[in-house]
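*Asks:* what follows is a predicted protein model with its sequence.
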Amino acid sequence: MYAWADDVVREHGLVNIIFNNAGVALGATVEDMQYDDFEWLMGINFWGVVYGTKAFLPHIKTAGEGAIVNVSSVFGLIAVPTQSAYNAAKFAVKGFTEALREEMEIAGLNIGVTCVHPGGIKTNIARNARVTETKGMVDAKSTRDFEKAFITTPEKAAEAVVGAIMKNSRRLLIGPDAIAIDMMQRILPTSYQRLLEMGAKRRSKKLGGVGVV
């Protein structure tokens, strides 16, 4: 990552913006989740953001102005059963990014920092997820079928991110589902968990004992 940042500066003379957007998914209960899978997800979803930020930040400072965009998720706003690893990474990205924003402003630097919380974006992240099957909680097919609920195109998401950079927004919610989830968390900061639990139980019963997120 550091070598890449140096190559970008050599090729283009300076760098102003970094988008830390790489992400993978893992469907598993806490009990059944494998450590190797947990570390794989954290290495990409969280440490990728950390390395990308730290490698490019000195170059953006040298440029004199710019932006750092770190992609969290709506799962960085609420916790979801069988998504503990993903939740852990995306909650961590949120905290890391918000602290960085504060530090840039305290230092008086002209560097915007935005934390992005997308809802369902039409990508292959669920289809390519790792899954540890648990009877009554999660299976591979239902996890991949989760993609059918994604409603926002990558193009729309990218357009929203560019708009957030132009406005120097601290936070960006992408998609009507993200707005609804954020509102639910604000209104029901802990009670939303019961709603998710009831929904998972209903789906499990409907599918004959295989619950899905």
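*Replies:* Perfect, thanks for sending it.

*Asks:* and the nearest residue to residue 129 once chain neighbours are set aside, what does it touch?
*Replies:* Of all residues not flanking residue 129 in the chain, residue 25 sits nearest, at 3.6 Å (C-beta to C-beta, 6 or more residues apart in numbering). (Each C-beta comes from the backbone N, C-alpha and C, glycine too.) By C-beta atoms under 8 Å, 6 or more residues apart in numbering, the contact set of residue 25 is 41, 86, 125, 126, 128, 129, 130, 143.

*Asks:* of those residues - the most surrounded one?
*Replies:* Within those, neighbour counts (other C-beta atoms under 10 Å) peak at residue 86, which reaches 26 neighbours.

*Asks:* could you measure from residue 45 over to residue 59?
*Replies:* 23 Å (C-beta to C-beta, to the nearest Å).

*Asks:* wouldn't residue 73 be in contact with residue 115 here?
*Replies:* No. The criterion here is C-beta atoms under 8 Å, and residue 73 misses it with residue 115 at 10.1 Å.

*Asks:* give me the neighbour count for residue 40.
*Replies:* Residue 40 has 15 neighbouring residues, counting by other C-beta under 10 Å.

*Asks:* if we can go back for a sec, neighbour count: residue 45 and residue 59, which is higher?
*Replies:* Using other C-beta under 10 Å, the more surrounded residue of residue 45 and residue 59 is residue 45, with 26 against 17.
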